[in-house]
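[1] Sequence first, predicted coordinates after that:
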Amino acid sequence: MFRPALRSAFSSLETPFYFYNMSLLHKTLDLYTSCLKKYGYHAHYALKANANDRILEAMKLAGLGADCVSGNEVVLALKSGFSPNKIVFAGVGKSDKEIQTALEGSIFCFNCESIPEIERINELAGGMGKVANISLRINPDIDAHTHKYISTGRAQDKFGISPWMFGEVWELLSRCLHVSLIGLHFHIGSQITDIQVFKTLCVRAHTLQKWFTDKGAHLQVVNLGGGLGVDYQDPLTHSIADFDSYFALIHQNLKPLSGQQVHFEPGRSLVAQSGFLISRVLYVKKGKGIKFAILDAGMNDLIRPALYGARHHIINLSSAGRMMRYDVVGPICESSDRFAKSVLLPEVKRGDFIAICSAGAYGQVMGLQYNLRDLAKTYYSDQLP
Ligand SMILES: *Cc1c(COP(=O)(O)O)cnc(C)c1O
């Protein structure tokens, strides 16, 4: 992966920067799309995981649509050449401006998360003389057994429409002439590693769909969202998520309605392992019972460890020395600016290159300029030796 020629190319670059392994990205996409084809499924890439131009280009060329969660993501998806009929728009708090942007762009579908949102889309679409396709994002009350900040399908979470609201929703839809219900949508969380959770989701989806079809709804689409996890502990061995098992499990457990399309919204599982945050060691400092390896990358470049306590595999690219323990930290004035606690690394010296793995998803997109730091630059493997 980090061949000598690549490592020497790094030495002329200013750190920290994001590095993307494009051949791994393409391999990942090839496997993912071959699974889609096998079962006749469709997918929209969740832009929020990584919205870099080269990444979006790869997703588009792989035939994926775009899953957006803001008006600006819709604008970017359109500008990047995604076909409007392959763009979907979710989110609990869509503003009027964002809804109008999406209506003007004639996107495929709004994934609606509340009753007042449906009313507002109906009003705005009416004002433009349009009829908007909507799916209902359902909160199926399933615990995805992932980090509490990225669980989105439990009754206490802010996302989606709960089954006890269905009667009111159905009554509202009968009065709304400018929205057309085309399906149900689910997204129960992210970094889901126990795929049995998706079996529960399939079973629940049948019951929930039945409520609507019994009323006479024609649900053309069932959308199971994203959420498949990746291996943060051993990313070099498991560089591609187990799409085969995931889709086989869905295929075994999901019985789509007759003629119904099955949609997915992968984010993390498509891009996480292809991205690395590369930094240099600024200082090695003695602490109480531990050494600090102080990097020139900080939580502003990759916030997941500080935000979720996430653990990323770390590699010292410059050393094969004896293994020693370090707290790997950044330069930001926050004690949570720490990438790893008491991790074993080959002896670290000033100037060593450190790669933080699995940084392709929810890494660069969450970059901040806190402490007035520069945003990390971007390099792609096919631009370097
Ligand atoms: C974030 C998000 C996704 C993507 O989730 P991953 O865990 O990255 O696969 C899909 N759909 C919606 C609605 C989202 O908010």
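    Cool, the structure landed. Numbering: from 1, shown residues only.

[2] Run through the residues of the stretch 101-250 of the chain sitting next to the ligand.
    With Cβ under 6 Å from any ligand atom as the criterion, the stretch 101-250 of the chain comes near the ligand at residues 187, 190, 225, 226, 227. Just so you know, the C-beta spots here come from the backbone N, C-alpha and C atoms, and that holds for glycine as well.

[3] can you put those residues in CSV and add pLDDT?
    Shown next, in CSV, are these (pLDDT from 0 to 100):
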residue, pLDDT
187, 94
190, 93
225, 97
226, 97
227, 96
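
[4] Would you pull up the residue in the stretch 51-200 of the chain closest to the ligand?
    residue 190 (3.1 Å; Cβ to the nearest ligand atom).

[5] Which of the residues of the stretch 101-250 of the chain next to the ligand lies at the shortest distance from residue 263?
    Nearest to residue 263 among those, counting by Cβ to Cβ, is residue 225 at 8.6 Å.

[6] Around the closest residue to the closest one other than its chain neighbours, how many other residues sit close by?
    Setting aside the residues directly before and after it, residue 225 is nearest to residue 187 in space (Cβ to Cβ, 6 or more residues apart in numbering), at 2.9 Å. Burial of residue 187 is recorded as 26 neighbouring residues (other Cβ atoms under 10 Å).

[7] So residue 187 sits against residue 153, correct?
    Yes: between residue 187 and residue 153 there is a contact under Cβ atoms under 8 Å: 7.2 Å.

[8] Which residues are in contact with each of those two?
    Applying Cβ atoms under 8 Å, 6 or more residues apart in numbering, one finds that residue 187 and residue 153 are jointly contacted by residue 159.

[9] on that earlier part again, what residues does the residue of the stretch 51-200 of the chain closest to the ligand make contact with?
    144, 146, 150, 152, 226, 227, 229, 267, 268.

[10] Any buried residues in the helix or strand harbouring residue 78, and which?
    When elements are assigned from DSSP states H and E, residue 78 belongs to helix 71-79. The neighbour-count criterion (16 or more other Cβ atoms under 10 Å) identifies 71, 73, 74, 75, 76, 77, 78 as the buried residues of helix 71-79.

[11] Quick check on residue 160: phi, psi?
    The phi and psi values for residue 160, taken as degrees, to the nearest 10, are phi 80, psi 180.

[12] what about it, how many residues close to it?
    Neighbours of residue 160 (other Cβ under 10 Å): 25.

[13] Repeat that for the one 10 residues further on.
    Residues near residue 170, counting by other Cβ under 10 Å, number 16.

[14] what's the helix or strand for it?
    Here residue 170 is assigned to helix 166-175, by DSSP H and E.

[15] Return the residues in contact with the closest residue to residue 158 other than its chain neighbours.
    Of all residues not flanking residue 158 in the chain, residue 92 sits nearest, at 5.6 Å (Cβ to Cβ, 6+ apart). By Cβ under 8 Å, 6+ apart, the residues touching residue 92 are 113, 114, 117, 158, 159.

[16] Pull out the buried members of those.
    Buried residues within the contacts of residue 92, defined by neighbour count using 16+ other Cβ under 10 Å: 113, 114, 117, 159.

[17] out of the residues you listed, what pair is the most spread apart?
    Taking Cβ to Cβ, no two of the buried ones among the contacts of residue 92 sit farther apart than 117 and 159, at 11.9 Å.

[18] Can you name the residue of the stretch 251-385 of the chain nearest the ligand?
    Counting by Cβ to the nearest ligand atom, the stretch 251-385 of the chain gets nearest the ligand through residue 267, at 2.6 Å.

[19] What distance do you get for that residue to residue 356?
    19 Å (Cβ to Cβ, to the nearest Å).

[20] Counting neighbours, what do you get for residue 142?
    Residues near residue 142, counting by other Cβ under 10 Å, number 20.

[21] before we move on, what about residue 252?
    Count around residue 252 with other Cβ under 10 Å applied: 10.

[22] Does anything pack onto the host helix or strand of it? Which helices or strands?
    Assessed by DSSP H and E, residue 252 sits inside helix 243-253. Where contact means 3 or more Cβ pairs under 8 Å, 6 or more residues apart in numbering; DSSP states H and E, helix 243-253 is packed against helix 22-39, helix 196-214.

[23] looking at the ones you listed, which is closest to residue 302?
    Closest of these to residue 302 is helix 22-39, at 18.3 Å (criterion: Cβ to Cβ).

[24] mean confidence score for the next helix or strand after that closest one?
    The first helix or strand that comes after helix 22-39 along the chain, using DSSP H and E, is strand 42-46. Per-residue pLDDT over strand 42-46 has a mean of 98.

[25] Can you confirm whether strand 42-46 lies near the ligand?
    Yes: against the ligand, strand 42-46 shows contacts by Cβ under 6 Å from any ligand atom at residue 46.

[26] For the ligand, give me its nearest residue in the stretch 101-250 of the chain.
    Closest point on the stretch 101-250 of the chain to the ligand, by Cβ to the nearest ligand atom, is residue 226, at 2.6 Å.

[27] I'd guessed that residue sits against residue 266; true?
    Yes: the pair residue 226 / residue 266 is scored as a contact, 4.8 Å apart, by Cβ under 8 Å.

[28] quick one, what contacts residue 215?
    The contact partners of residue 215, taken as Cβ under 8 Å, 6+ apart, are residue 170.

[29] any idea how far residue 118 is from it?
    Distance from residue 215 to residue 118, by Cβ to Cβ: 16 Å.

[30] count of neighbours near residue 119?
    15.

[31] so the helix or strand hosting it versus helix 166-175, what angle?
    Secondary structure assignment for residue 119, by DSSP H and E: helix 115-127. Between the axes of helix 115-127 and helix 166-175, defined by axes from the mean of the first three to the mean of the last three Cα atoms, to 10 degrees, the angle is 10 degrees.
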